[in-house]
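Q: I would like to see how this sequence folds:
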Amino acid sequence: MNYESLDAYRQEVPYSKIIVEFVLVSYARARYPAQDQTWNNGPDRAWQKTESRTRFRQFDPYRCQALLNDGAWSPVAPDGSKKWEPKNCRMVEYSSVRACLADRNVVFVGDSTIRQVFRAAVQRFKPERVKIANGNSSNTGRQHRDLSFEAGGVKFDFIWDPWLNSSKLEKVLSNFHSLPMPPKEFTTRKEEDASPALILLGAPGLWAARYGRDDFLDIFKRRIDHITPYISDRFDENMPWMLNFDAGDIANHILLAPVQIPEYEQLSPSRRRIITAIRIGEMNDYLSQLSQDQSSHIPWVYNKLSVGSGNDSSVDGLHVSDSVAAHKLDIAINAHCNTISRRSSSFKGTCCVPDHANNRFIWAFRKATSVSIVSAGFEFMLGVNLIKHGIFNAVRTIVIVVSLTFFYDRTTFLGKLERHYQPIEFIIMCIIWLVVSVFSAKKIFKPIPHLQAPVARPRQERNPNDDDDDDDEDLGMVSRKHSNEIKGLVQGFILLYHYHHVSHTLWIYKIIQLSISLYFFLTAYSHTMYFLRTNDFSFGRVLTVLFRLNFLSAVLSYFMKTDYSLYYFAPLISFWFLFVYGTLRIFREHNNDVNMVLAKVIAAAMITTIFISKHGILEAVAKFSHTYFNINWNVREMRFRLQLDRYVVFIGTAMAVCFHDIAVRKAQGILQSVVRDPSHQRLYIMSCLASLGIFVFFTQFNYSDKVTYNKVHPFISWVPIVPFLALRRELQVVKDVYLRLPAGLGQISLETFVLQYHVWLAGNATAKHTLDLWDGP
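A: Now for the predicted structure:
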């Protein structure tokens, strides 16, 4: 069967799939109506280049043109490296193409500039047993002949044809078809007659300029006109959209590289006289006058790669560096392979990708729409405000949030940009965050009773409407409002830390790790205070807390197809909550004996250390969760996170035990409140400040790398936390006020931390979102 027409394709595809494709394509054309204006205009060029730039996103739904037409070099990373970044999407570096090119071949056709890209493929994909059929990679740059090699079941061919007029090229083009080959035809056709998956052609501009004399432009036009029938469809014409597909379903592609702009100053005198900027400009201008569909196959970005790359061109001025040639290869491979690689949730590329189907998302979106319509109908007909019903409103909110999360991070509607190392911007934004938070300060008019004695009574005896009062509850060392305030400040710093990608700066990394330890300290402190004050060790309490901590993370791990350990705050806090609960639940009749409780805390700390460090325990838990709940998590990552804060949690528990004992003794009249002498208070404050200064000096000058600091962090993280909280409690200027903005954020800090991976950031917190509001030059 000759598979060169859409009718032939339809004979191999079920009618149900054709109907779905028709609906989706119709939707795409309705969504991007500007495309249809030139689909049938051919070479009339109804769209000019200036207009296409300002309306770039309108006719580039898959961001293929973003990959092929525009981009810039990234800022220099701390290790001195730079990466090419397409505009508003992410390109990846493939170390293997077996998944999308298995048993297929890639063909490079052209002069020595295209051979450079072929050599980049040799260097990239050549395993230990790579076979070079016609010479090796060391002499390909000096011989004008065909070359080939095979790696991982993929065959790479280079055809030396600087004029694009060889018989071998004619055979390759005659066998080429853009639509996917049916499996039946794929197995019956001879291997040499099979269509290549990807063809990279080099426009014959340099040879036409050098050897074409005065007829160089006519020669160039004839060779290009011979190629254009094979690139008459848009590059992304046959890209599947929101469908499940296999590797054999992706379309085959042709890329036509533009005439490479030489480094004219580096050209030899004889070449400089004939290879002029005017000639190169005229030939590239002819390429730019092709129809929009034909131009979509031209990677114009190839001529931008040499600008600002930091890599000098070769001595002859015609060839680029190996790094630039490798980036040309990456662009071609991304243009073809990203479609199939998109199936993996861990794939980071967002250039030239469709929105693949996710049944869970579709189900959630349908449910959210149905619930919203039904609830609106009930509210209208019955005059009932369903938002006041907590359970119904919670379900509706969760479904909408999860659906929007998938929409933000797993579709191409929003662009994705690489994060860059920005320490100065991080410091500036942290200062702004602090200043804005200070302006939200509010005085606590209700006096906070110093170490007010609580009455230990079961939770069920407390007024269920006391939630507002609980917000003013004094927890001894820190009030509830101050605890939420600190958690909110910490969460703000963490969000900025991830956004500006400043983990490479050691002193910032230390501060963030201490902030996370402070968060866990406060969490353990508040849980301990709750159990000691209420004596509520009910199973319902445990289920309520675990559900509250893990529900959102668990749902996202299903919908977003991520590891549960990605949202590590939720499992870590759950882990420490269970150990605090177990510590106080066992022999709870002795919880009134402070010495006994402290002994239990020490024993729990030792058991926890063994639990975390012993290989096999966490692995068994991970296997259990995968087998029975289909939830995966990285054991190595979780062990690292647990070890970092394995002691600060129990320090927080011990501090809560001591403060609770003091409060109880005062309530019983055993201890009397003493008015502290001002001189003693000043000495106390100075001691706290001095301990903070000593800690900063000690850690800054004794631990010069992350590995060394991480080893000592579990033992010293509590040292600055205790004096910091003491200062927050004792300094008169801040003890009677709290910051409303961070306090509000602190109340939803866990949800904020989890959602940052897909809403605040993109690609599981490895990229930034962009709205594509302006795509000018």
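
Q: Quick one: the helices in the stretch 601-750 of the chain, in order.
A: With DSSP state H, counting those that start in this stretch applied, the stretch 601-750 of the chain shows helices at 617-629, 635-644, 648-667, 678-702, 706-716, 718-730, 732-735, 740-747, 749-755, listed in chain order.

Q: buried ones in the shortest one?
A: Right, the one you point to is helix 732-735. residue 735 (16 or more other CB atoms under 10 Å). Heads up, the C-betas are built off the backbone N, CA and C, glycines and all.

Q: for that helix, what is the average pLDDT?
A: Helix 732-735 shows an average pLDDT of 80 in the prediction.

Q: now do the first one
A: Per-region confidence: helix 617-629 scores 90 on mean pLDDT.

Q: So for it, what gets flagged as buried?
A: Applying a neighbour-count criterion of 16+ other CB under 10 Å, one finds 618, 622, 625 buried in helix 617-629.

Q: Just want the angle from that helix to helix 635-644.
A: Here helix 617-629 runs at an angle of 130 degrees relative to helix 635-644 (axes from the mean of the first three to the mean of the last three CA atoms, to 10 degrees).

Q: Does helix 617-629 pack against any helices or strands, and if so which?
A: In terms of contacts (3 or more CB pairs under 8 Å, 6 or more residues apart in numbering; DSSP states H and E), helix 617-629 is packed against helix 594-613, helix 635-644.

Q: one more time with 7 Å
A: Packing partners of helix 617-629 (3 or more CB pairs under 7 Å, 6 or more residues apart in numbering; DSSP states H and E): helix 635-644.

Q: Off-centre distance for stretch 709-727?
A: Stretch 709-727 sits 31 Å away from the centroid of its parent chain (CA atoms, centre = their mean, to the nearest Å).

Q: Ok, stretch 492-500 next?
A: Using CA atoms, centre = their mean, the offset of stretch 492-500 from its chain centre is 14 Å.

Q: Looking at that stretch now, give me its mean pLDDT.
A: 95.

Q: same deal with stretch 418-429?
A: The pLDDT scores in stretch 418-429 average 92.

Q: Going forward, the N-terminal residue is numbered 33.
A: Sure thing, new numbering starts at 33, so read that last one as stretch 450-461.

Q: end-to-end on stretch 658-675?
A: Taking CA to CA, to the nearest Å, the first and last residues of stretch 658-675 lie 23 Å apart.

Q: Sort out which residues of it are buried, please.
A: By 16+ other CB under 10 Å, the buried positions in stretch 658-675 come out as 663-665, 667, 670-671, 673-675.

Q: and whichever helix or strand residue 459 is part of, C-alpha only, in PDB?
A: Using DSSP states H and E, residue 459 maps to helix 455-471. In PDB, the C-alpha atoms belonging to helix 455-471 read as follows (Å, rounded to 0.1, in the frame of the first residue of the first chain):
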ATOM      1  CA  PRO A 455      20.600  35.300  44.200                       C
ATOM      2  CA  ILE A 456      20.300  39.100  44.000                       C
ATOM      3  CA  GLU A 457      16.700  38.900  42.900                       C
ATOM      4  CA  PHE A 458      16.000  36.400  45.700                       C
ATOM      5  CA  ILE A 459      17.500  38.800  48.400                       C
ATOM      6  CA  ILE A 460      15.500  41.700  47.000                       C
ATOM      7  CA  MET A 461      12.200  39.800  47.000                       C
ATOM      8  CA  CYS A 462      12.800  38.500  50.500                       C
ATOM      9  CA  ILE A 463      13.300  42.100  51.700                       C
ATOM     10  CA  ILE A 464      10.100  43.100  49.900                       C
ATOM     11  CA  TRP A 465       8.300  40.100  51.500                       C
ATOM     12  CA  LEU A 466       9.500  41.200  54.900                       C
ATOM     13  CA  VAL A 467       8.600  44.800  54.400                       C
ATOM     14  CA  VAL A 468       5.100  44.000  53.100                       C
ATOM     15  CA  SER A 469       4.600  41.600  56.100                       C
ATOM     16  CA  VAL A 470       5.600  44.300  58.600                       C
ATOM     17  CA  PHE A 471       3.100  46.700  57.100                       C
END
